[in-house]
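Participant: the following comprises the amino acid sequence and a computationally predicted model.
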Amino acid sequence: MLFYRAALPLSSRTLTYVSGIIRRHRSAGRSRWRKLNPGKQALLVLAYLRKGETFAELAAGFAAGTTTAWRYVNETVALLAARAPKLRKAVRDAKRAGYAYVVVDGTLIPIDRVAADRPFYSGKHKKHGMNLQVIASPAGDVLWVSGALPGSVHDKKAEWIWGVLAELEAAGLIVLADKGYQGSSYAKLPYRGKNKPESQKAANRAHAKLRSPGERANAQLKNWHILRKLRCCPWRAGQLAKAIHVLQIREANAG
C-alpha cells in the first residue's frame, strides 16, 4: 500500500474547535487511553467528511484499525450534530438578523441503494437518496438543516413533517420556495402553467434570482464529499448534514 500527504481546505481554528469538543467529551466520560489523541481524531473526522474517504483508507492513513476509525467518526459526528441550531432557534436568529426573506429548499443526498429500495427513490431526481430540508439566508448561508427522510417524500410533505413553514410563518418571515412546495398558503412560489403572460414570466425571473442563493447553500453542504453519495446507513444523512452545518458556521467565523 502507498501512502501520501494531503491537504484539507479547512482552517486550523476548525480543527482546534473539533479537537476541543472531543477532549471535553473524553474528560467528562473519564475515557481511558486511546489510539489517537483528540487532535488526530478531529483530523481523521474532518478528512472523512470533507473528502469522503472510506474507513479503510482513513485507518491506513492514521495507523489505526478500521473499527477504530468507524467509532471515532460516529462519536464525533454525534457530538457535532448535537450542536446544530434547532429549528425554532434558527428562525428566531433569522428574525433577529433582519433578513428581508429566507429561502426554503429541499436537497437530495444520493445513497448507495438498488432499485428494490423503493421508498428511497426520488422520482424528481431519478435516483435513490434522502430528502433534507434547508433554510438559507439571502446571501446563501445555511441557517438550518432538517433530519433525513426517504427520497420518495415530496418537498412539501417533508416541510410539513418538520414544521418548517409553520415556524417561519409564526415568526413573520417572508419565505421564497420553488414549485415543489405547491399547495403552501404562506410561501411565495413561482407561477405555474404554460403560456403565462409576460408579467408572470417577469415575476418568475425575479423570484428565481432571489431564490438562487438557497441552491448555493445546498451546494455548500455538498462541498463536503461525504454528502455526494452515502455509503453508510441512509438515515445518518441528517446527522452528517447537521455536523457539517456546525463546521460551516465555524469556517465562516474563522474567515
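Facilitator: Cool, the structure landed.

Participant: elements contacting the longest helix seen in the chain?
Facilitator: Longest helix in the chain, counting residues (DSSP state H): helix 198-222. Counting contacts by 3 or more Cβ pairs under 8 Å, 6 or more residues apart in numbering; DSSP states H and E, helix 198-222 packs against strand 102-110, strand 127-136, strand 142-145, strand 175-176, helix 237-254. Glycine gets a C-beta too; all of them are placed from N, C-alpha and C.

Participant: now do it: distance to the chain's middle.
Facilitator: 19 Å (Cα atoms, centre = their mean, to the nearest Å).

Participant: got the angle for that helix vs helix 237-254?
Facilitator: Put simply, helix 198-222 runs at 90 degrees to helix 237-254, going by axes from the mean of the first three to the mean of the last three Cα atoms, to 10 degrees.

Participant: check what contacts helix 198-222 and list those residues.
Facilitator: Helix 198-222 has contacts (Cβ atoms under 8 Å, 6 or more residues apart in numbering) with 101, 103-105, 107, 132, 134, 136-142, 145, 176-178, 188-191, 196, 227-228, 241, 244-245, 248.

Participant: now stretch 234-253
Facilitator: Under Cβ under 8 Å, 6+ apart, the answer for stretch 234-253 is 10-11, 13-14, 17-18, 46, 49, 76-78, 80-81, 83-85, 109, 111, 113, 120, 129-130, 132, 141-142, 144-148, 150, 220-221, 224, 226-227, 230.

Participant: same thing but 6 Å
Facilitator: By Cβ atoms under 6 Å, 6 or more residues apart in numbering, the list of residues contacting stretch 234-253 from outside reads 14, 17, 77, 80-81, 83-84, 109, 111, 130, 132, 142, 145, 147-148, 221, 224, 230.

Participant: what about burial for the residues you listed, which qualify?
Facilitator: 14, 17, 77, 80-81, 84, 109, 111, 130, 132, 142, 145, 147-148, 221, 224, 230 (16 or more other Cβ atoms under 10 Å).

Participant: hmm, back to that, which of the helices and strands packed on helix 198-222 sits most buried?
Facilitator: Among the helices and strands packed on helix 198-222, ranked by average contacts under mean count of other Cβ atoms under 10 Å, first place goes to strand 142-145 (a mean of 26).

Participant: mind listing the strands it pairs with, and their directions?
Facilitator: The pairing partners recorded for strand 142-145 under DSSP bridges are strand 127-136 (antiparallel).

Participant: confidence-wise, which helix or strand of the protein is lowest on average?
Facilitator: The weakest-scoring helix or strand in the chain, judged by mean pLDDT, DSSP states H and E, is strand 121-122 (a mean of 85).

Participant: against which helices or strands is that strand packed?
Facilitator: The helices and strands touching strand 121-122, judged by 3 or more Cβ pairs under 6 Å, 6 or more residues apart in numbering; DSSP states H and E, number zero.

Participant: so what's Val104 up against?
Facilitator: Taking Cβ under 6 Å, 6+ apart, one finds Ile135, Val164, Val175, Ala177 in contact with Val104.

Participant: now the residue nearest to it when sequence neighbours are not counted: how far from Arg30?
Facilitator: Ranked by Cβ to Cβ, 6 or more residues apart in numbering and with sequence neighbours excluded, the top spatial neighbour of Val104 is Ala177, at 4.8 Å. In this view, Ala177 and Arg30 are 48 Å apart by Cβ to Cβ, to the nearest Å.

Participant: looking at the two, which one has more neighbours?
Facilitator: Ala177 (26 against 6; other Cβ atoms under 10 Å).

Participant: list the contacts of the more buried one.
Facilitator: So Ala177 contacts Val104, Ala187, Leu189 (Cβ under 6 Å, 6+ apart).

Participant: tell me the one of those nearest Gly39?
Facilitator: Of all these, Gly39 sits closest to Val104, with 37.7 Å by Cβ to Cβ.
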